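Need coordinates for the below:
(2 chains)
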Number of protein chains: 2
Amino acid sequence: MKRYEKFADEIAELIRTGVLAPGQKVPSVRHASRTYGVSASTVFQAYYLLESRGLIIARARSGYFVCEHVRRPLPEPQPGPREAATTEVDVSELVFSVLSSIKDPDTVPFGSAFPSPELFPLQRLARSMAHAVREMDPRSTVADMTPGNHALRRQIALRYMVGGLPLPIEELVICNGALEALNLCLQVVARPGDLVAIEAPAFYASLQVLERLKLKAVEIPVHPRDGIDLQVLEDSLERLPIKACWFMSNFQNPLGASLSEDKKRQLAALLAKHQVPMIEDDVYAELYFGQHAPKPVKAFDSEGLVMHCSSFSKSLAPGYRVGWVAGGRFAGQIERLKLMTSISASVPAQAAIADYLQHGGYDRHLRKLRYALESQRNAMLAAVARHFPEETRVSRPEGGYFLWLEFPEQVDSLRLFQLALAQGISIAPGPIFSATRRFGHCARLNFGHPWSNSSEQAMETLGRIIRSLLGNS
Amino acid sequence: MKRYEKFADEIAELIRTGVLAPGQKVPSVRHASRTYGVSASTVFQAYYLLESRGLIIARARSGYFVCEHVRRPLPEPQPGPREAATTEVDVSELVFSVLSSIKDPDTVPFGSAFPSPELFPLQRLARSMAHAVREMDPRSTVADMTPGNHALRRQIALRYMVGGLPLPIEELVICNGALEALNLCLQVVARPGDLVAIEAPAFYASLQVLERLKLKAVEIPVHPRDGIDLQVLEDSLERLPIKACWFMSNFQNPLGASLSEDKKRQLAALLAKHQVPMIEDDVYAELYFGQHAPKPVKAFDSEGLVMHCSSFSKSLAPGYRVGWVAGGRFAGQIERLKLMTSISASVPAQAAIADYLQHGGYDRHLRKLRYALESQRNAMLAAVARHFPEETRVSRPEGGYFLWLEFPEQVDSLRLFQLALAQGISIAPGPIFSATRRFGHCARLNFGHPWSNSSEQAMETLGRIIRSLLGNS
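Here you go, the predicted model:
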């Protein structure tokens, strides 16, 4: 991290903790330079950055001020009713009709599931790819098949170890992205008709997978900040023959909520008590804005019950389709199922990522990526405060690239979706995140794209549409 | 094709049709050069080639002679009983125990499912890959997801068109190799408990997939040369509520049998009459030794019932995991299922193959590949004739890279498999190709690797083991 970035973070912390209040003047460049012992140009760069992150604003001839919107932090979304809902899943058609309508590349992609590809080191990856395929031993076209390229699995195991979770390389099975890993895990532990505990709201792909595999969902409510409701989960595990859990413990999609380490420990204990396996979807783990990487629930699982799934699609190499699962006691079964399902992940893609992890500067890239995403979050939060009605509730995720918005009840988010689309703006309407079609007045917005004038304008337009739906345009 | 290759083929044809009889002297170089109007060096090269293909043999100071083994063409395997067997499938464990034991790279890979990676233009592909990723539009990381890279789908559609089967690009869904395509197709048309018609013997992966999806197999016997028994199929379709067929119409694995165009037409008519969809596994179609590419059954299907699956894994790019399905009336459902299962095939691998198809010289490579495989087939057939007991029956496939061998009944091929493995030689024992564990005295041998001294020695060793199992070592 550069000096000015560090300094900017210090100022941001002062703003966050209220030491610098909304509307208050930020120390002048000369003053700050003297007080903090940094050069004037460092201060300049830091202020420029804070401005781009929507935290301070320049007023002509007066210097910088803490933005007003910080005074009016929008409230968080409300926790739902504290009860589990069991249901057949039948949401796929709705999801597809929404997804297919937002494919147009000219649409402002607030409804997208992906961050901007511009945030990734694609040219550096291309060099790793060129190098890897040029040097590739022909035998690797067979040898690198499932469980996967050895160097890649070693690098992944090393990253687990550095994160405080040593695991044997044999637990790792490389898959075609995390979604295939999740699919395989679920098929290993659940049969058609079984009950599977999922979150509410949940990542819509998990709903589609349940529907496809004829599994029944037990929806466990997720608190907007603290994550899954463990009390409800415990009751459900005691009451119902739940065969598996499928949860995101970090930066949950769509809420952005994370479990504390304490809750992760409790969750692992609950799983052990009931001997219920858990599929942990942890694809956003690397996209944290805090000081430290969050641990997975798997770090607290001593029984091999947690299958930890992740990928490089959201952190490094979109489109390469390289993900993995650390399968715990189920690793062998997952490996076999993978062989029967699609034999292997792409060998060149695996080799390219292995090369990049060894030589490409992954951690440096991740720091830049996290920083960009956090800045974009701030910019979008500021735009929500500027343009959306006061009654809007919004999450404030500490990682990932999604905001979750809760509007007043009379805002039908499917209608909002249609009206926005007609204006060239996509959003992800709330009902696609629920097997029971709840969240009809909620929406997920993607802040994974560099903030621009057109983003700002799109937020203004959305705000106008929401007001019109409230009947006070 | 080079002049000497063409000349060698002419001589090979004379041998095949009996104009040049086994043991007979081949025309001298001078004589041949004069008679056929080619240079002496062309004749030399051609004879050298024919020798390497096991068709002629040099005797010191006497010139070349047609090999003796041509006199004793081993009989073909016998067709099985002409009846369908319906059964639950439970063969996966056996398949995995066989497959995992043959992974050792030092083993002579007669049991392998793959041709030698040395037969593929991996360096030329690496250049296409380097070029494709360097030039890749970042947006393609999203845009090339399922149904897939447009340039690649266009190239595939063009190849269908050139082969006499024009189809709309919208029918094509790119998958992670053919196996994923086959899996998706089956899941679109069959539910747990349904009956699916497959071949006997059948590709073991299809048995594993049926087992995994809890489908019941209706085994339709395959004639060693003419392919599936249409009469038995017709009876079965009339008698049983078969929900889908899964067949290989060209160079069937493991028998190597192909359906004639007439039979393909009849099969398509049968499907239409009963409105039963067919999954056509056509991964060896490009590996034909004859003059013309064989047509798929899909070429005779006017109702969109045939889902034609193939890939580049066996013809161009092993390990890239790029396959496809031309899904007929099911294309839309397959596309959705693919999105839910693993989102997309690897984008760089798709782009690399698209680039290669446009600029790499695919057809030139294919000609070389077919030629190599045919030569290797001849070499292995010659080795079977030299080293195996007279009672051995063997297929003579006109494409692909597998021989199917039928030994006398007292040869237990699982025992043969164990004994051969102890000698560092793998084979694929017959029972892994049947849901009903038939073919206990059969085996599949892979001739997809360049013939070498160690291949020859391995065949000699196998012959010895087989004799010992016959009790006449």
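
Point out the residues in the stretch 201-350 of chain A that sit beside chain B.
A:205, A:208-209, A:212, A:318-322, A:336-337, A:339-349 (CB under 8 Å from any CB of the partner chain). Just so you know, the C-beta spots here come from the backbone N, C-alpha and C atoms, and that holds for glycine as well.

in the stretch 1-150 of chain A, which spans are strands?
For the stretch 1-150 of chain A, the strands defined by DSSP state E, counting those that start in this stretch cover A:56-59, A:63-66, A:85-87.

Now residue A:59. Nearest residue, chain neighbours left out?
Spatial nearest neighbour of residue A:59, chain neighbours left out: residue A:65 (6.1 Å); criterion: CB to CB, 6 or more residues apart in numbering or on different chains.

Surely the one you found touches residue A:26?
Yes: taking contacts as CB atoms under 8 Å, residue A:65 lies within contact range of residue A:26: 6.5 Å.

just checking, next helix/strand downstream of the lengthiest helix in chain A?
The longest helix of chain A (DSSP state H) is helix A:362-387. With elements assigned by DSSP states H and E, the helix or strand that comes after helix A:362-387 is strand A:393-394.

roughly how far is that next one from the heart of the chain?
Taking CA atoms, centre = their mean, to the nearest Å, the mean C-alpha location of strand A:393-394 is offset from the chain mean by 17 Å.

before we move on, what about stretch A:434-451?
Computed by CA atoms, centre = their mean, the separation of stretch A:434-451 from the middle of its chain amounts to 12 Å.

what about it, how long is it end to end?
Stretch A:434-451 has an end-to-end distance of 29 Å (CA to CA, to the nearest Å).

can that stretch be found next to chain B?
No: using CB under 8 Å from any CB, stretch A:434-451 stays clear of chain B, with a minimum separation of 11.4 Å.

Pull out the buried residues from that stretch.
A:434-435, A:438-449, A:451 (16 or more other CB atoms under 10 Å in any protein chain shown).

same question for it, mean pLDDT?
Mean per-residue pLDDT for stretch A:434-451: 94.

Mind picking the two most distant members of the buried residues of stretch A:434-451?
Taking CB to CB as the measure, the buried residues of stretch A:434-451 span a maximum distance of 33.5 Å, between A:435 and A:451.

and the buried residues of stretch A:434-451, which of them are in strands?
Here DSSP state E is the test, and these give A:442, A:443, A:444, A:445, A:446 as lying in strands.

ok, so of the residues you listed, who is nearest chain B?
The closest of those to chain B turns out to be residue A:446 (CB to the nearest CB; 12.1 Å).

Report the beta-bridge partners for the closest one.
Using DSSP bridges, the beta-bridge partners of residue A:446 come out as residue A:402.

what residues are up against residue A:125?
Listed by CB atoms under 8 Å, 6 or more residues apart in numbering or on different chains, the contact partners of residue A:125 are A:316, A:317, A:320, A:352, A:353, A:356, A:360, B:133.

try 7 Å this time
Residue A:125 is in contact with A:317, A:352, A:356, counting by CB atoms under 7 Å, 6 or more residues apart in numbering or on different chains.

remind me, longest strand of chain A?
Of all segments of type strand in chain A, defined using DSSP E, the longest is strand A:216-223.

Starting from it, tell me which strands it pairs with and how they run.
Strand A:216-223 has the following sheet partners, assigned by DSSP bridges: strand A:85-87 (antiparallel), strand A:195-200 (parallel), strand A:227-228 (antiparallel).
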